[in-house]
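S.K.: Using only what follows, build the 3D model:
(one chain, ligands or ions: 1)
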Amino acid sequence: MKSKLTYLLKLELFKELDNFREGQFFAVIDQKVKNHLPQWIQFSPHVFWIKNPEDEKNFETYSSGIEFLLKQGIKKDSHLYAFGGGATTDIAGFIAATILGGIKWSVAPTTLSGMVEGSIGGKVQINVLNGKNLVGTEHSPEHVYICGDFLTTLSERELICGKGEILKYGFLSKEIHVMIMDKAPLEDIAFECARYKNYIIELDMSDQKLELGRMLSYAFEDSLKITQGYALAMALKYLFKFMKLEESLYQWDRMVHALSMPMEKLTVGYFSQFDVNAFTAYLDQHSHKKNEQHVHLVLVKSIASQYVEEVLFKDLKHIIQNDEEFKRLA
Ligand SMILES: NC(=O)c1ccc[n+]([C@@H]2O[C@H](COP(=O)([O-])OP(=O)(O)OC[C@H]3O[C@@H](n4cnc5c(N)ncnc54)[C@H](O)[C@@H]3O)[C@@H](O)[C@H]2O)c1
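M.R.: Coordinates of the predicted model:
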């Protein structure tokens, strides 16, 4: 289901929330954005605070969140608000999807990555011991408020992560590509990415183009212990290199530059701990089903001209293992 997207300033967002001040305002909020919020929210007894979102994106937090909100009097017709990055909004969304059989919820993402990816599309999920995001459901927020004022306190690490997600959309949409190259404000680009994802998902939830770069990015994320968007930026570069997509590689360079991303940190050589064999072993285990020899790669020839190619996994593995940069690290 499509969410209503609004682009607004923090003061405008708080004015809108003021309407609920007297009533029952229930929220799940990342502790790190507390100082961004008005005092009445900071001291509201109806807020379930999250300290370390990714570490707490689990059953324990989910269950304490449910118990807390029920104790505070949340009802079937209550509305749950979420303020935070993708991990916080995943926990909040999963609570909203399941508490009292499911209630409505809305989100104000506070990270760049959350604005571009995490809060759009309705996937709400938590981590379990067996892996990340393995338990969840679909429950789109009613409203997603994109407010660039939250970005002022983001660390460089989180900014790179969000820019990596933006980079993907720069390959899928001509408008976003132009905004990146024109160095439009990050929050404007983020809003356009959110609009694009929201639109694509409304047409077809399983649209494969959103998977551009994902397969390699999961392997980078796992082997280098870097954030999802950071891994995605690297994945796009190597995907285009492996598949000899010269025009896309050229555009990657231009967009990374325009987004002021640290080019040197986006190469495998930057990571002394990188292990090529562990990387290909991860791909072997996760990129295709046991009995299938092929993988399906979403590729782009040039901006906004995406297609899917079936590639033999053993050929892809051969390309990776024989790439000069990767070979040097073997
Ligand atoms: N549901 C989906 O469709 C979807 C899509 C992509 C990613 N995700 C999930 O999103 C998570 C990654 O998202 P993320 O990068 O936003 O991570 P996150 O929520 O863990 O936030 C990253 C860090 O930034 C901090 N933070 C949040 N807002 C801040 C602000 N304004 N100023 C300073 N610090 C702030 C957080 O406390 C945290 O330390 C993962 O759990 C991933 O699985 C979900």
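S.K.: what about residue 97, distance to residue 89?
M.R.: 12 Å (C-beta to C-beta, to the nearest Å). (Glycine included, C-beta is placed from N, CA and C.)
S.K.: shaky segments in this protein?
M.R.: 23, 205, 290 (pLDDT under 70).
S.K.: Near the ligand, which residues of it are found?
M.R.: Residues of the chain found near the ligand (C-beta under 6 Å from any ligand atom) are 30, 32-33, 53-54, 57, 84-88, 90, 110-111, 113-114, 117-118, 121, 123, 133, 150, 153-154, 158, 161, 227-228.
S.K.: Narrow those residues to just the buried residues.
M.R.: Among these, those scoring as buried are 30, 32-33, 53, 57, 84-88, 90, 110-111, 113-114, 117-118, 121, 123, 150, 154, 158, 161, 227-228 (criterion: 16 or more other C-beta atoms under 10 Å).
S.K.: So which of those belong to strands?
M.R.: 30, 84, 123 (DSSP state E).
S.K.: show me what contacts the second one?
M.R.: Residue 84 is in contact with 28, 29, 30, 32, 33, 50, 53, 92, 109, 110, 111, 114, counting by C-beta atoms under 8 Å, 6 or more residues apart in numbering.
S.K.: from the residues you listed, which single one is nearest residue 61?
M.R.: residue 50 (6.9 Å; C-beta to C-beta).
S.K.: Could you report the neighbour count for the closest one?
M.R.: A count of nearby residues for residue 50, using other C-beta atoms under 10 Å, gives 25.
S.K.: likewise the one 10 residues further on?
M.R.: Neighbour count for residue 60, taken as other C-beta under 10 Å: 10.
S.K.: Pretty sure it sits in a helix.
M.R.: Yes: Residue 60 sits within a helix when classified using DSSP: H, G, I helix; E, B strand; the rest coil.
S.K.: what's the helix or strand for the residue nearest to residue 47 when sequence neighbours are not counted?
M.R.: Nearest non-adjacent residue to residue 47, counting by C-beta to C-beta, 6 or more residues apart in numbering: residue 27, 4.8 Å away. Assigned by DSSP states H and E, residue 27 belongs to strand 26-30.
S.K.: gap between that strand and the chain center?
M.R.: 19 Å (C-alpha atoms, centre = their mean, to the nearest Å).
S.K.: contact partners of that strand?
M.R.: Outside strand 26-30, the residues that reach it (C-beta under 8 Å, 6+ apart) are 37, 41, 44, 46-50, 53, 65, 69, 72, 74, 78-85, 88, 91-92, 95, 110.
S.K.: Out of these, which sit inside strands?
M.R.: 47, 48, 49, 50, 79, 80, 81, 82, 83, 84.
S.K.: before we move on, back to that, which member of the ones in strands among the buried ones among the residues of the chain next to the ligand is positioned nearest residue 105?
M.R.: Using C-beta to C-beta, residue 84 comes nearest to residue 105 of these, at 12.6 Å.
S.K.: Between residue 97 and residue 89, which contacts overlap?
M.R.: Shared contacts of residue 97 and residue 89 (C-beta under 8 Å, 6+ apart): residue 124.
S.K.: The two: which has the busier surroundings?
M.R.: For residue 97 and residue 89, the more surrounded residue by other C-beta under 10 Å is residue 89, and the numbers stand at 29 against 20.
S.K.: Quickly note the distance from that one to residue 115.
M.R.: 10 Å.
S.K.: overlap in contacts of those two?
M.R.: Taking C-beta under 8 Å, 6+ apart as the contact rule, residue 89 and residue 115 both touch residue 109.
S.K.: In this structure, what residue spans correspond to helices?
M.R.: Listed in chain order, the helices of the chain (DSSP state H) span 10-18, 39-42, 59-71, 86-98, 112-113, 156-172, 174-181, 186-203, 214-224, 228-242, 246-258, 276-286, 313-322, 324-329.
S.K.: Nearest to residue 302, out of the ones you listed?
M.R.: helix 246-258 (4.7 Å).
S.K.: Residue 252 contacts residue 237, correct?
M.R.: Yes: between residue 252 and residue 237 there is a contact at 5.3 Å, judged by C-beta atoms under 8 Å.
S.K.: Go through the helices of the chain and pick out the most buried.
M.R.: Compared across those, helix 112-113 shows the largest average neighbour count, a mean of 28 (mean count of other C-beta atoms under 10 Å).
S.K.: Contacts for that helix next, please.
M.R.: With C-beta under 8 Å, 6+ apart as the test, helix 112-113 has contacts from 85-86, 151, 154, 158-159, 161-166, 186, 190, 227-229.
S.K.: So what's the gap between it and the chain middle?
M.R.: Here helix 112-113 is found 7 Å from its chain centre; the criterion is C-alpha atoms, centre = their mean.
S.K.: Okay, domains of the protein per the record?
M.R.: Segmentation of the chain into domains, based on automatic domain parsing, reads 4-153, 156-184+204-329.
S.K.: In CSV: these, plus distance to residue 194.
M.R.: Rendered in CSV, the data for the domains of the chain read as follows (distance: least, C-beta to C-beta, whole Å):
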stretch, distance to residue 194
domain 4-153, 5
domain 156-184+204-329, 9
